[in-house]
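Engineer: got a predicted structure plus its sequence, pasted below:
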Amino acid sequence: MAFTSVSLEQRSFGQTLRRDAWWVQPLLVFLALSTFVVYATWAAFQGNHYEWGPYISPFYSPLLFGDSAHSWFGARPTWLPVWISPALLILWVPAGFRLTCYYYRGAYYKAFWADPPSCTVGEPRTTYRGEHSFPLIMQNIHRYFLYVATLFLAILLYDVWEALWFLDTTTGDASFGIGVGTLILGLNVFFLSGYTFGCHSLRHLFGGGVDELSKYSSCFFAYRCVSRLNRRHMLWGWFSLSSVMFSDVYVRICSMGIWSDWRIL
């Protein structure tokens, strides 16, 4: 049998035989994620206009400290530095959950690190250290962020419940109602639920340690539900990212008096 020795030539950065517009997707991902990161950073440090009536921005929930009815532990402690807003105390959880997400890591590897910029496109590096070394080893804690993110999801769902009760400033009584903000916060929880419950780690949690899923009806049912959501994990990820940002924008413009919330019911 004859053997042929083939040597593979290392492509330079951006070199490829592809004729399609392969650079469009990583460019759009770069612009979208950059826009969100810039806005979220500004909103987190801003520390004002994050609540209006029964509404609270998902960037600031749970509100641990503050002069608000939404605050869990009362007024802001004096020992807390002025530059630390309530958002900075809790945003590490959703940020860590997305940063270590199996979909998002692939997205920003291409868009920000060009690792690689796209399939069969030359990279700006010749070595790969793998996910057993820093900083990529941090990606392995995604499953632990999942547990805390699920708790945060329950808190945001409670915020939707709170957004159903509007305080009458004249009588001091709370009455049931549905405003535009209620619907926006509710849709945000819906998209976040689809993203969270379609997580790869959750799918593995239900079915990863079972050889024959059909023998365990509860695990099999949960595995199939998570798998259905997981098939559209990318879409859930982008919809939920957009809804979180839009929810903060809506609460902020209501708080600043730019827009008056419309009470539907």
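Structural biologist: Cool, the structure landed.

Engineer: which residue ranges of the stretch 101-250 of the chain form helices?
Structural biologist: Counting by DSSP state H, counting those that start in this stretch, the segments of the stretch 101-250 of the chain that form helices are 102-111, 142-162, 180-196, 200-207, 217-230, 233-255.

Engineer: for Glu123, which of the ones you listed is the nearest?
Structural biologist: Of all the helices of the stretch 101-250 of the chain, helix 102-111 sits nearest to Glu123, with 10.1 Å by Cβ to Cβ. For every residue, glycine as well, the C-beta is placed using N, CA and C.

Engineer: shaky segments in the stretch 151-265 of the chain?
Structural biologist: 208-218 (pLDDT under 70).

Engineer: returning to that earlier point: any chance of the helices of the stretch 101-250 of the chain in TSV, plus mean neighbour count and distance to Trp92?
Structural biologist: Formatted as TSV, the helices of the stretch 101-250 of the chain follow (neighbours: other Cβ atoms under 10 Å; distance: least, Cβ to Cβ, whole Å):
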stretch	mean neighbour count	distance to Trp92
helix 102-111	18	16
helix 142-162	16	9
helix 180-196	21	17
helix 200-207	18	18
helix 217-230	15	25
helix 233-255	19	15
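
Engineer: reformat the ones you listed as TSV; add distance to Ser85.
Structural biologist: As requested, the helices of the stretch 101-250 of the chain are exported to TSV (distance: least, Cβ to Cβ, whole Å):
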stretch	distance to Ser85
helix 102-111	24
helix 142-162	17
helix 180-196	20
helix 200-207	30
helix 217-230	33
helix 233-255	13
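
Engineer: thought Cys219 was touching His204?
Structural biologist: No - the criterion here is Cβ atoms under 8 Å, and Cys219 misses it with His204 at 11.6 Å.

Engineer: put the alpha carbons of stretch 170-179 into CSV.
Structural biologist: Provided in CSV are the C-alpha atoms of stretch 170-179 (Å, rounded to 0.1, in the frame of the first residue of the first chain):
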residue,chain,number,x,y,z
THR,A,170,-53.5,59.4,47.5
THR,A,171,-54.8,56.4,49.5
GLY,A,172,-51.6,54.4,50.0
ASP,A,173,-53.3,51.2,48.8
ALA,A,174,-51.9,48.9,46.2
SER,A,175,-54.2,47.8,43.4
PHE,A,176,-53.8,45.1,40.7
GLY,A,177,-52.8,46.3,37.3
ILE,A,178,-50.8,45.6,34.2
GLY,A,179,-48.7,48.2,32.6
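
Engineer: now Pro81: phi and psi?
Structural biologist: Note on Pro81: its backbone torsions stand at phi -60, psi 150 [degrees, to the nearest 10].

Engineer: now it: how far from Gly47?
Structural biologist: 12 Å (Cβ to Cβ, to the nearest Å).

Engineer: just so I know, which of the helices of the stretch 101-250 of the chain lies nearest Phe59?
Structural biologist: helix 233-255 (5.0 Å).

Engineer: between the closest one and helix 180-196, how big is the angle?
Structural biologist: 160 degrees (axes from the mean of the first three to the mean of the last three Cα atoms, to 10 degrees).

Engineer: just how off-centre is helix 233-255 within its chain?
Structural biologist: Averaging C-alpha coordinates over helix 233-255 and over its chain gives two centres that are 9 Å apart (Cα atoms, centre = their mean, to the nearest Å).

Engineer: next one: stretch 30-46
Structural biologist: 12 Å.

Engineer: contacts made by that stretch with the rest, please.
Structural biologist: 50, 57, 59, 83, 85, 87-88, 91, 107-108, 111-112, 238, 241, 245, 248, 252 (Cβ atoms under 8 Å, 6 or more residues apart in numbering).
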